[in-house]
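Chemist: Quick one, structure for this:
(chains A, B, C and D)
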There are 2 protein chains.
Amino acid sequence: MIRVLLAEDQAMVRGALSALLNLESDIEVLGSAADGEAAWRELQRLQPDVLVTDIEMPGLTGLELAQRIQRHELPMKVVIVTTFARPGFLRRALDAGVSGYLLKDAPAENLAEALRTVHRGGRAIDPQLALEAWSDADPLNDRERQVLRLAGEGQSAGDIAAQLNLSHGTVRNYLSEAIGKLGVANRIEAYRLARQKGWL
Amino acid sequence: MIRVLLAEDQAMVRGALSALLNLESDIEVLGSAADGEAAWRELQRLQPDVLVTDIEMPGLTGLELAQRIQRHELPMKVVIVTTFARPGFLRRALDAGVSGYLLKDAPAENLAEALRTVHRGGRAIDPQLALEAWSDADPLNDRERQVLRLAGEGQSAGDIAAQLNLSHGTVRNYLSEAIGKLGVANRIEAYRLARQKGWL
DNA sequence: CGCCGCGGGTGACGGCTGTCATGGCCGGTG
DNA sequence: CACCGGCCATGACAGCCGTCACCCGCGGCG
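Modeler: The predicted structure is shown next:
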């Protein structure tokens, strides 16, 4: 029997996935959580074999949750189930020691199968995403990421400078470098590209 | 027996919702489709009582699908199930004659209950969203929407002008008006706000 | 008819952006 | 020690952005 905890913020999807997994005779859904912090509490209480988690959740993300499990050396596997086919996300997930990374685009049957594979000690990584993950690395450094994130919210160089205690010229230099590294024409495109790649 | 067709692009969610609905003894899932065009074909073949559809799908969106059903006066109810709590979306959905509009944030049990309500001839609209929908209307006109959409992709006034056969000054005027109407500081914030409200 | 409102355009102004060259200040490393 | 590379700053310049006042042409409408 594979004992599973489910973390997913959208209640309807959470309920539906739970129904789906409970159809399998060798899988038992112990419980579910609507955000990262709740999942962290439930996980210690229920001691599941496998945690199935989304990435984008309020408070603590699925990636941060996986990191925390790794740091505390808790004896359970983690499987990420997400909408986002972003190489950067998979990369961070693998760094956090997860055993599975599936896309919600994948057929529903894959999920139960992936849980069995992982429970046996194997890995279940979306194959085409695995290729991309190591192909192009994040070229941005911390400052560039930081500045780009704020620029993407519509803030001007001056606003950003004030927030980070930098000069407004320096902020523009960082933005210029990020734009150059990403090979795009302006901050908006740079933000979109970096976001899509999972680098923010 | 309520005969249902399911349209949802994410395979895993589609399978999970299908499993969820099939647990109900008075509901039968006739089939499912991964995009709007496929749903349109299946819907004519299977003649379901209710179509349950997502909004964001490749090709034809759920909103466009609902409009098409309305135009052809097909004898079926439509229930939208979506991630997006955007007043503008609900508004357009109601204009397209849908009977239900649920958020994926809502508890899973709501879905079956909503289907029963709708099948009985009632409406199932997310209550707090219904309030917002009529509170603030979209202040943008067609041109402003068009220009803002392109600006949000990182295109310059010149690029946009070329695409729409306008002068580059006119594009800037439209952007300026949109920024003013939305009460924000620049095109990036204008785009984000309009998008969040469901006006794009 | 005159008069509006609306879609589109022009030109000018100040401020912001993106680029580049240059320089100072560390903290390694040979 | 000298040297380099990362980090931060400055200043200059061209070009783009956001705003405003004003213009034209056209369809409706009293």
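Chemist: CA atoms for contacts and neighbours, from now on please.
Modeler: OK.
Chemist: All the helices of chain A, residue numbers only.
Modeler: Along chain A, the stretches classed as helices by DSSP state H are A:11-22, A:36-46, A:62-71, A:87-95, A:109-119, A:127-135, A:142-152, A:157-164, A:168-182, A:187-197.
Chemist: what's the distance between the fourth one and the middle of its chain?
Modeler: This points to helix A:87-95. The offset between the C-alpha centroid of helix A:87-95 and the centroid of the whole chain comes to 7 Å, using C-alpha atoms, centre = their mean, to the nearest Å.
Chemist: packing partners for it?
Modeler: Applying 3 or more C-alpha pairs under 8 Å, 6 or more residues apart in numbering or on different chains; DSSP states H and E, we find helix A:87-95 packed against helix A:62-71, helix A:127-135.
Chemist: For chain B, which of these is the nearest?
Modeler: Ranking those by proximity to chain B (C-alpha to the nearest C-alpha) places helix A:127-135 first, at 16.2 Å.
Chemist: circling back to that earlier point, so which of the helices of chain A gets nearest B:Gly100?
Modeler: Proximity to B:Gly100 (C-alpha to C-alpha) singles out helix A:11-22 among the helices of chain A, at 15.0 Å.
Chemist: Give me the angle between that closest one and helix B:109-119.
Modeler: Computed by axes from the mean of the first three to the mean of the last three C-alpha atoms, to 10 degrees, the angle separating helix A:11-22 from helix B:109-119 equals 110 degrees.
Chemist: Could you confirm whether helix A:11-22 reaches chain B?
Modeler: Yes: if you take C-alpha under 8 Å from any C-alpha of the partner chain as the test, helix A:11-22 does meet chain B, through A:11-20.
Chemist: just stretch A:59-70 next, same as before
Modeler: No: contact of stretch A:59-70 with chain B is not found when judged by C-alpha under 8 Å from any C-alpha; the minimum separation is 15.8 Å.
Chemist: Tell me the buried residues in that stretch?
Modeler: A:60-67, A:69-70 (16 or more other C-alpha atoms under 10 Å in any protein chain shown).
Chemist: one step back: closest to DNA strand C out of the helices and strands packed on helix A:87-95?
Modeler: Closest of those to DNA strand C is helix A:127-135, at 24.6 Å (criterion: C-alpha to the nearest atom of the strand).
Chemist: Pick the most deeply packed of the helices of chain A.
Modeler: For those, average neighbour numbers computed from mean count of other C-alpha atoms under 10 Å in any protein chain shown are highest in helix A:11-22, which has a mean of 23.
Chemist: helices or strands up against that helix?
Modeler: For helix A:11-22, the elements it packs on are strand A:2-7, strand A:27-33, helix B:11-22, helix B:109-119, judged by 3+ C-alpha pairs under 8 Å, 6+ apart.
Chemist: Reformat the residues of helix A:11-22 next to chain B into CSV and put pLDDT next to each item.
Modeler: As requested, the residues of helix A:11-22 next to chain B are arranged in CSV below (pLDDT from 0 to 100):
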residue, pLDDT
A:Ala11, 93
A:Met12, 93
A:Val13, 94
A:Arg14, 95
A:Gly15, 94
A:Ala16, 93
A:Leu17, 94
A:Ser18, 94
A:Ala19, 93
A:Leu20, 93
